[in-house]
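# Task: produce atomic coordinates for the following.
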Amino acid sequence: MSVPNFYTVKGLEILGELAAAAGRTADAEKCVREAAALRASIIKHMWDPAAKRFCDGICADPRVAGNHSIYSDMYSLWLGLVPDGDGSGGGSESDAGVSGTTGSNVESVWKSTTSWVRKTAPFPKSSFRLFVPSLSWQTNHRFSI
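Here you go, the predicted model:
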């Protein structure tokens, strides 16, 4: 439930930029306003300040029960929705574990994402082959540009 909402915020922001570039100021302002309202609502209802991660839906919903997923972590980082340390806005994609700002929400989500990767990797070679297609067909064909 979280990821489609994250995409909607980013889509509205991009649509606002496109409308502004096309000279459609009223449409641009509406898209930016709607994106900001949706972002604020997502942070209010889906951000778990104790865990410093997004829930997999509305945190207060008993069916969600504070469940956090790797998908919510990855996409919130990628789309820039992780709130700043005070919970007032969105951290940028460039903050995602690269800047190393200690104690930030972005760093917390980044750590949860990378810890999941460390737990599941490295894959045994037999498992890895199932996920990586063979590239041998490329050597049998010539491509011209």
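# contacts, neighbours, all on C-alpha from now
Fine.
# Can you list the low-confidence ranges for this protein?
85-103, 113-145 (pLDDT under 70).
# same thing but 50
Low-confidence segments of the chain, defined by pLDDT under 50: 88, 91-103, 123-145.
# That one: helices as residue ranges?
Here the chain has its helices, by DSSP state H, at 2-21, 25-46, 70-78, 105-120, 125-131, 136-139.
# highest average neighbour count across those helices?
helix 70-78 (a mean of 21; mean count of other Cα atoms under 10 Å).
# so what secondary structure elements neighbour that one?
helix 2-21, strand 53-54, helix 105-120 (3 or more Cα pairs under 8 Å, 6 or more residues apart in numbering; DSSP states H and E).
# got a markdown table for those, with distance to Ala37 too?
Converted to a markdown table, these look like this (distance: least, Cα to Cα, whole Å):
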| stretch | distance to Ala37 |
| --- | --- |
| helix 2-21 | 9 |
| strand 53-54 | 17 |
| helix 105-120 | 20 |
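# and of the ones you listed, who's closest to Ala36?
helix 2-21 (7.7 Å; Cα to Cα).
# Give the other helices and strands that the closest one contacts.
helix 25-46, helix 70-78.
# Also compute the angle for the shortest one relative to helix 2-21, please.
Orientation note: helix 70-78 sits at an angle of 20 degrees relative to helix 2-21 (axes from the mean of the first three to the mean of the last three Cα atoms, to 10 degrees).
# List the buried residues of stretch 54-74.
For stretch 54-74, the buried set under the neighbour-count rule, 16 or more other Cα atoms under 10 Å, comprises 54-59, 66, 68-70, 72-74.
# okay, the helices and strands packed on helix 2-21 in TSV with distance to Met1 next?
Shown next, in TSV, are the helices and strands packed on helix 2-21 (distance: least, Cα to Cα, whole Å):
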stretch	distance to Met1
helix 25-46	10
helix 70-78	9
